[in-house]
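Trainee: Okay, here's the prediction I keep looking at, along with the sequence it came from:
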Amino acid sequence: MHRIAELEIKNYRSCELTRVKLEAFTPLVGYNNAGKTNILKCLDALVTGRGQSLANFNDPEKPIEIVAHLVGLDDDTLSHLSPAQKSSLTPYIENNSLDIRFYQEKPGTGRNAATLGIRAPSNLQDEWSNPNGLPQAVTTLFPEPTFINSMEDSAEDVSKFKAGNTIGKLIANLQKEVVKAKGDEINTALAAIGKKLNLDGEERLKEFSDFDNSINGKIGDFFPGLTLNLDIPTPSIGDLFKQGNIKVKESGNQQTTDFANMGHGAQRAIQMTLIRHLAETTKDVTKEGKTNLLLIDEPELFLHPQAIEQIRGSLKVLAKKGYQVVFSTHSPFMIEQADIPTTNIVRKNDIGTVVETRLKEAVEKVLDDNEAQARLLFDTYNLGQILFSDMVLVAEGDTEKHVLPTLFQSVSGKTLGESKLSLVIATGSPNIPGMLSILREMNIPAKAIADLDFAFTVAKKKNLIEKQHPSLESCLDIIQKIQPVHGFSLDGRNPTKGNGFKAADIYELVAKEHEAQEHITNLREHFKDNSIWLWSLGAIEPHLCLNAKETGEWYKFKQNLIEQAIEDVVEDVEHINEFVDWCLN
């Protein structure tokens, strides 16, 4: 299926210079007013070629320019174009792709306010051609888009027939089925009506003849020699179907009502139901060489979670049946795990709307052999938090997952969400560096929380600290010194599992040694400069007086925080306050 693979937008509303990659099914996520809807509108402007008003110019002294990179233009697709349309495109196609540009120099909505241009993808000299038949070729490849706004136009999309809206497409499909099955029967009935209504009808009604005679008896007084006759043309099957609309009847009420009179929730549910039905019944339109653009602003609006998942599934079906679906969303239910790598994060900064590096490209750049960290980051639970947070906190394991949200609220008086922070669990310190790198590549601010052993193991391996850093060496010396006292195992100079100890336990023991305090402080400052927090007592549990990493301990701790003052629950309040301040700043 051919589609728009990339879009570059200049000077359109908040999109001063915005680049976005698109798939057959593309979610756009981000804060309110970041510019997601503007991207959808740019796609609509590009395909329709309509001139844009002054309100759509970021700077009225500069032109609007929208450049699309099209892919999938193979011989099968081009064979469905007319000879003139095909000759317009073929000289510029390279590797089944080409670039198309929408260009409007000055505001205005006149017919020729905007022009379309075309170039080969290898031509980056800003040289654009406008061959005869280009607009028609673009229209053939991408028919009138269906654009569904978030807070408006539900009635326009569903209750009034238009060739490009949802009800129009559904009725058009239904019309084909009806004509195929009952076309002769309907045409016979219409012909019988025509005999009674048409001017030349064999059984034309006497009332029409009386009307003709009456007005013809008068027109001679004004203009001798003229004859007037009333003609009522017979409607075609298509004319009848264009009158179709949606009526609604509620359980317990025998009267029908117009769609426009329903509440917002009911309107959205009906609208999305029809889109779902379209997904289930539509034929594979790629056989006609066309790709229909379906642009939806917040399809989940007013719907409950189960309905949202059904809509997502329906849109994905359409994306496989000749539709390119692009939508904005605030709901993680609209994005499946498989779609996360190609989800676009839209933000707004000093230069306007920007689209961050997608997870797919970030992983390709950051990770050589493993996508596990990426999938940990973006499971359904974490997705909404990450995409709508000012800062992501990456923590090691289950203790942080269970106690940090309550602990943070007890100290700061706000939840993590209210502070625009999100907590992501790495399920092990080895995942932390990769997760931080991915988030930073996507321009998502991130910090990490780790146990002390992270500095001696993962950090050294990932070159986050010098392997022979003086403070590391000094701590290892202390570990060797206290080994005979505790009887733990060493692998050379390094702690290892054995004799009832885990390696992490040994670092907690060295953290209790007075002579290690200065070195641990130095390590903590080093990692804080790299946005990583190390627990000075080796792990979070000693700071909180937690005796074990168990569900029962976590539950009792959270209950105590809710019922008592934090000073009565936490052993090291000063350190925890410092931690919360670090998270917020």
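Mentor: Done, it's in.
Trainee: Every contact and neighbour count from this point should use C-alpha atoms.
Mentor: Noted.
Trainee: Can you tell me the closest non-neighbouring residue to residue 414?
Mentor: Closest residue to residue 414 apart from its sequence neighbours, by CA to CA, 6 or more residues apart in numbering: residue 408 at 7.4 Å.
Trainee: what's the answer for residue 506, then?
Mentor: residue 495 (6.5 Å).
Trainee: and the one you found, that's in a helix?
Mentor: No. Read with DSSP: H, G, I helix; E, B strand; the rest coil, residue 495 is strand and lies in no helix.
Trainee: hmm, back to that, would you say the residue nearest to residue 414 is within a helix?
Mentor: Yes. According to three-state DSSP, residue 408 belongs to a helix.
Trainee: Wait, it touches residue 417, no?
Mentor: No. Using CA atoms under 8 Å, residue 408 is not in contact with residue 417; the gap is 10.6 Å.
Trainee: Comparing those two, which residue is more hemmed in?
Mentor: Legend: neighbour count by other CA atoms under 10 Å for residue 408 and residue 417, higher for residue 408 (20 against 15).
Trainee: What distance do you get for that one to residue 577?
Mentor: Between residue 408 and residue 577 the computed distance is 9 Å (CA to CA, to the nearest Å).
Trainee: In the protein, where's the longest strand?
Mentor: Among the segments of the chain that qualify as a strand by DSSP state E, the longest is strand 3-12.
Trainee: can you state the direction angle for the following helix or strand past that one and strand 3-12?
Mentor: Remark: after strand 3-12, the chain's next helix or strand is strand 15-21, criterion DSSP states H and E. Strand 15-21 and strand 3-12 are oriented at 170 degrees to each other (axes from the mean of the first three to the mean of the last three CA atoms, to 10 degrees).
Trainee: If the residue nearest to residue 506 is in a bridge, with which residues?
Mentor: Beta bridges link residue 495 to residue 490 when assigned by DSSP bridges.
Trainee: residues near it, how many?
Mentor: 23.
Trainee: pretty sure residue 305 contacts residue 334?
Mentor: No. Counting by CA under 8 Å, residue 334 is not a contact partner of residue 305; they are 9.1 Å apart.
Trainee: Which one of those two is surrounded by more residues?
Mentor: The neighbour count for residue 305 versus residue 334, taken as other CA under 10 Å, is higher for residue 334 (23 against 14).
Trainee: wait, isn't that one in contact with residue 306?
Mentor: No. Applying CA under 8 Å as the test, residue 334 and residue 306 come out as separate, 10.4 Å apart.
Trainee: Could you pull up the residues touching the residue nearest to residue 414?
Mentor: 414, 415, 416, 580 (CA atoms under 8 Å, 6 or more residues apart in numbering).
Trainee: between those, which is closest to residue 355?
Mentor: Nearest to residue 355 among the contacts of residue 408, counting by CA to CA, is residue 416 at 24.9 Å.
Trainee: Can you spell out the domain ranges of the chain, please?
Mentor: Split into domains by automatic domain parsing, the chain comes to 3-160+264-346, 167-244, 357-584.
Trainee: so where's the longest helix in this protein?
Mentor: Counting residues, the longest helix in the chain under DSSP state H turns out to be helix 166-197.
Trainee: Check the gap between residue 367 and residue 385 for me.
Mentor: 23 Å.
Trainee: Name the residue in these two with the higher neighbour count.
Mentor: Taking other CA under 10 Å, residue 367 and residue 385 do not tie; residue 385 has more neighbours (21 against 16).
Trainee: does the more buried one sit in a helix, a strand or a coil?
Mentor: Quick answer, by three-state DSSP: residue 385 is helix.
Trainee: Please name the nearest non-neighbouring residue to it.
Mentor: Closest residue to residue 385 apart from its sequence neighbours, by CA to CA, 6+ apart: residue 422 at 5.3 Å.
Trainee: which one of the contacts of residue 408 is nearest residue 491?
Mentor: Nearest to residue 491 among these, counting by CA to CA, is residue 580 at 35.8 Å.
Trainee: where exactly do the helices run in the stretch 451-585 of the chain?
Mentor: In the stretch 451-585 of the chain, the helices defined using DSSP state H, counting those that start in this stretch lie at 453-456, 458-461, 470-486, 503-511, 517-528, 540-544, 551-563, 573-584.
Trainee: Nearest approach to residue 206 belongs to which of the ones you listed?
Mentor: Closest approach to residue 206 among the helices of the stretch 451-585 of the chain (CA to CA): helix 573-584, 86.4 Å.
Trainee: Same list, the helices of the stretch 451-585 of the chain, but as CSV with distance to residue 105 please.
Mentor: Formatted as CSV, the helices of the stretch 451-585 of the chain follow (distance: least, CA to CA, whole Å):
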stretch, distance to residue 105
helix 453-456, 57
helix 458-461, 54
helix 470-486, 63
helix 503-511, 65
helix 517-528, 50
helix 540-544, 60
helix 551-563, 61
helix 573-584, 46
